[in-house]
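> next input, structure requested:
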Amino acid sequence: MIKFFLMVNKQGQTRLSRYYERVEINKRTVLEADVIRTCLARSKEQCSFIEYKDFKLIYRQYAALFIVVGINETENEMAVYEFIHNFVEVLDMYFSRVSELDIMFNLDKVHIILDEMVLNGCIVETNKARILAPLLILDKMAAS
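As a prediction, this is how the structure comes out:
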């Protein structure tokens, strides 16, 4: 099960965070700071899977953005690693070469995409067309 999903830039600023387990706000900031520090300190040659406290961190870097997913010990690391890549591919399809600014100024749409893919910490959809369908309908309604 996915515990949390983070998108951060190289400076360590959180651009998106979604928690699938209840975590108090003050504990979230401490957790995010520690997780971000741990992932940013690693070199490109090191593995993208990290044993961290009582769960695992899976992360991938795309240009200036890091996507970090916290999972429990029963979740498949490679499936989550591929999920991260699929998420970025969906963002690329929607935004035509997604950038950090796209995420910052369209945070609601990024949340819709993530919500279409993950429900209660479980990956429920990976088909790109199905993921984007609700957003494309919303865009058509807004255009008319």
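
> I'd say Val80 and Gly70 touch.
No: look at Val80 against Gly70 with Cβ atoms under 8 Å: they stay out of range, at 9.6 Å. Heads up, the C-betas are built off the backbone N, CA and C, glycines and all.

> which of these two has more neighbours?
Neighbour tally, Val80 and Gly70, criterion other Cβ atoms under 10 Å: the higher count belongs to Gly70, 26 against 22.

> between Val80 and Gly70, what contacts are shared?
Any residue near both Val80 and Gly70 by Cβ atoms under 8 Å, 6 or more residues apart in numbering counts here, and that gives Ile2.

> what residues sit buried inside the longest helix seen in the chain?
Identified as the longest helix of the chain according to DSSP state H is helix 77-95. Applying a neighbour-count criterion of 16 or more other Cβ atoms under 10 Å, one finds Glu77, Val80, Tyr81, Phe83, Ile84, Asn86, Phe87, Val88, Val90, Leu91, Tyr94, Phe95 buried in helix 77-95.

> any idea which of those residues is closest to Leu40?
Comparing those against Leu40 with Cβ to Cβ places Ile84 closest, at 16.3 Å.

> those helices in the protein, which residues are they?
Ranges of helices in the chain, per DSSP H, are 25-40, 77-95, 100-105, 107-117, 128-143.

> show me the contacts for the closest residue to Glu32 other than its chain neighbours.
Of all residues not flanking Glu32 in the chain, Thr14 sits nearest, at 5.8 Å (Cβ to Cβ, 6 or more residues apart in numbering). Taking Cβ under 8 Å, 6+ apart as the contact definition, Thr14 lies against Leu6, Met7, Val8, Glu32, Ile36.
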